[in-house]
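**Q** Attaching a predicted model along with its sequence, questions to come.
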Amino acid sequence: MREMTISRRTALTSGVYAFAAALGAPQSANARTNETPESKSEEVARKYYAAWEKKDWQPFDRLLADTFTFTSANNDDHISKSVFKTRCWDTQIDFIERFELLRVFGRGNEVFVMYVCRTKNGKSFRNVEYLRVKDDRLEAIECYFGAQSSFASAVGSGQK
């Protein structure tokens with residue numbers, strides 16, 4: 001193994017930058033956070049995850065544009081709002097307890113969200129979603145969770 005010499009100035013400078021980065025990194029928050037969103041699109045995204053927890057389709061439906069589409073690696077290729085309700089909402093709503101939003105990054109009408117979803121059966125799963133907002137409603141969501149054989153489901157049996 002090769003030794004590397006580093007000056008105290010370089011080490012101190014690196015430490016200061018690492019500390020500053022740690023201070024600026026967003027912290028975990030649930031969907032009902034009291035933090036002020038940086039953008040209107042981020043606010044819409046937070047309302048979306050909070051609406052799952054309320055388990056009431058009508059307010060949830062109002063957050064989705066009439067032309068809403070959902071895409072995921074689980075054979076969901078730009079499915080419509082009605083198909084999303086049947087395939088995703090109706091099958092998962094009784095299992096989802098809450099969302100812990102780990103990161104919410106918005107710019108203009110786009111938002112990336114990384115979350116951990118806690119389920120009623122004591123399991124959890126982690127996803128990243130790209131949301132597109134138009135006129136304060138969700139126009140599209142793309143969900144990223146890996147290969148079908150390894151993605152976590154609220155009803156899956158192998159998740160912790």
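**A** Right, received. Where do you want to start? Numbers count the residues shown, from 1 in each chain.

**Q** for this protein, what are the low-confidence residue spans?
**A** 1-37, 146-160 (pLDDT under 70).

**Q** which stretches of it form helices?
**A** 8-24, 40-54, 57-63, 81-84, 90-92 (DSSP state H).

**Q** For the protein, just list every one of the strands.
**A** Under the criterion DSSP state E, the chain contains strands at 29-30, 64-72, 76-80, 96-107, 110-119, 124-134, 137-144.

**Q** most neighbours per residue, which of those strands?
**A** Highest mean neighbour count among the strands of the chain (mean count of other CB atoms under 10 Å): strand 110-119, with a mean of 20. Yep, even glycine has a C-beta here, placed from its N, CA and C like the rest.

**Q** Which strands or helices does it pack on?
**A** Other helices and strands packing on strand 110-119, by 3 or more CB pairs under 8 Å, 6 or more residues apart in numbering; DSSP states H and E, are helix 40-54, strand 96-107, strand 124-134.

**Q** Which of these sits closest to N75?
**A** Closest approach to N75 among the helices and strands packed on strand 110-119 is made by strand 124-134 (16.0 Å; CB to CB).

**Q** What lies in contact with stretch 46-63?
**A** Here stretch 46-63 makes contact (CB atoms under 8 Å, 6 or more residues apart in numbering) with 31-33, 37, 44, 81, 85, 89, 93, 96-99, 101, 104, 113, 115, 131, 137-138.

**Q** Now do the end-to-end distance for it.
**A** Length of stretch 46-63, first residue to last, CA to CA, to the nearest Å: 11 Å.

**Q** Please apply the same query to stretch 76-94.
**A** Stretch 76-94 has an end-to-end distance of 20 Å (criterion: CA to CA).

**Q** ok, the residue nearest to G108 when sequence neighbours are not counted - contacts?
**A** The spatial neighbour of G108 that comes closest, neighbours along the chain excluded (CB to CB, 6 or more residues apart in numbering), is S41 at 7.0 Å. If you count contacts by CB under 8 Å, 6+ apart, S41 has them with 106-111, 131, 133.

**Q** For my notes, please list these in TSV and give distance to W52 for each entry.
**A** Shown next, in TSV, are the contacts of S41 (distance: CB to CB, whole Å):
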residue	distance to W52
G106	19
R107	24
G108	24
N109	21
E110	20
V111	16
L131	13
V133	17
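
**Q** and which of these is nearest F145?
**A** F145 has its nearest neighbour among the contacts of S41 in L131, at 15.0 Å by CB to CB.

**Q** who's in contact with that closest one?
**A** Applying CB under 8 Å, 6+ apart to L131 gives the contacts 41, 44-45, 48, 110-113, 138, 140-141.

**Q** Thanks a lot, catch you later.
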